[in-house]
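Colleague: with the sequence up front, the predicted model follows.
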Amino acid sequence: MTAVPASSIHLRKRPSSWVLENMSLQAEDFETLLSGYEMLALIANSENVDIDSITRALPENTLYIFFTGCAKVLHKPFEKDAMLCHRLVADGARFFKSRKHFDRAYSLFANGLKAEIGVLAERGVPTGTPPLDAPRRSDLVPYTLDFDHTFGALYPAGRMPTTGFAIAAWLIEKMPHANVCLCGFTGVAGLQFGIYSGHDWTFEQVMLQLFVKNGRISRFEDNLSEPAGMFARIHDRFPEFNEATIALVATNVLANRLTGTELQVAKLWSKTRIQRKIGSLFTRIKKLGR
């Protein structure tokens, strides 16, 4: 399958969306394309991403999977094989990101993209909610990945999957033999990039780490802490609580605490937006004065 040059992707303005022209991709073609790579590297829009370190360490035959806001982690044109994922909203009627994000993203892939896909992942629904009859499709992209249809009520009700998690879960489910590497998927907020409290970061990290543990996927970062020792002490002193029970209770407690913390951090982040912008401006002025 040949790459689609970025210059041939035309965005035709419509009242509330754009149409990607001259592109078509069937599900079987998409899966065949992915299976041709030794590794699939999902690159999060995270401050933890050092793209040069990643490309040096991963195999030559790697497909790098980016997201619409990839300008956050790409500061120069990317020349290796790449794919771009866009979040869709309103049942696929429009893109979540604005035109400027598309323009910035396309400018970073002068050699073209191997594929582009759209991702539908709305808020999780209560258990027992009737499943979607069929996966949704969008005319805005050559291929649509419908997380809600594939996974139903998997995601916590009222929270919204991140696009990266939706792609990772789909790969785990649909391509069990693919070698998937997560890059920058820490679920931790940094000083520069915000972290949206509408996502359930704790749930996503638990699921992803489970698949890391069983070898289904890998993380580029190998320095994740594992604070399990404190819980092992409980089992040693009170053996009536087996390890599975302790782990389940600990997970629920930590999830509730982290959810509360995320909400407070989101409020604090919003209230300090002006101060951070001023600080960033002075930093740029200082650099220019050197």
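Modeller: Okay, I see it.
Colleague: can you give me the helices for the stretch 1-150 of the chain?
Modeller: 27-35, 51-57, 99-107, 147-151 (DSSP state H, counting those that start in this stretch).
Colleague: send me the shortest one as CSV with only the CA atoms.
Modeller: Okay, so that is helix 147-151. Extracted C-alpha coordinates of helix 147-151, given in CSV (Å, rounded to 0.1, in the frame of the first residue of the first chain):
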residue,chain,number,x,y,z
PHE,A,147,-14.3,2.0,20.1
ASP,A,148,-17.9,2.1,21.5
HIS,A,149,-19.1,-0.6,19.2
THR,A,150,-16.1,-2.9,19.7
PHE,A,151,-15.9,-2.6,23.5
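Colleague: tell me the helix or strand right after it.
Modeller: Remark: after helix 147-151, the chain's next helix or strand is helix 163-174, criterion DSSP states H and E.
Colleague: circling back: most packed of the helices of the stretch 1-150 of the chain?
Modeller: Compared across the helices of the stretch 1-150 of the chain, helix 147-151 shows the largest average neighbour count, a mean of 19 (mean count of other CB atoms under 10 Å). C-beta coordinates here come from the backbone N, C-alpha and C atoms, glycine included.
Colleague: all strands of the stretch 151-290 of the chain, in order?
Modeller: 180-183, 217-219 (DSSP state E, counting those that start in this stretch).
Colleague: list the buried residues for the shortest one?
Modeller: The reference is to strand 217-219. For strand 217-219, the neighbour count (16 or more other CB atoms under 10 Å) marks Ile217, Ser218, Arg219 as buried.
Colleague: wait, isn't the last one in contact with Phe211?
Modeller: I take that to be Arg219. No: between Arg219 and Phe211 there is no contact under CB atoms under 8 Å: 10.1 Å.
Colleague: scan this structure for its longest helix.
Modeller: helix 243-271 (DSSP state H).
Colleague: counting by contacts, list what that one packs against.
Modeller: Other elements packing on helix 243-271 under the criterion 3 or more CB pairs under 8 Å, 6 or more residues apart in numbering; DSSP states H and E are helix 201-213, helix 229-237.
Colleague: among these, which comes closest to Ala168?
Modeller: helix 201-213 (6.5 Å; CB to CB).
Colleague: may I have the closest one exported as CSV, CA atoms only?
Modeller: The C-alpha coordinates for helix 201-213 follow below in CSV (Å, rounded to 0.1, in the frame of the first residue of the first chain):
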residue,chain,number,x,y,z
TRP,A,201,-6.7,7.9,33.6
THR,A,202,-6.6,5.4,36.5
PHE,A,203,-8.8,2.8,34.6
GLU,A,204,-6.7,3.2,31.5
GLN,A,205,-3.4,2.7,33.3
VAL,A,206,-4.7,-0.3,35.1
MET,A,207,-5.8,-1.9,31.8
LEU,A,208,-2.6,-1.0,29.9
GLN,A,209,-0.4,-2.2,32.8
LEU,A,210,-2.2,-5.6,32.9
PHE,A,211,-1.4,-6.1,29.2
VAL,A,212,2.2,-5.0,29.8
LYS,A,213,2.4,-7.6,32.6
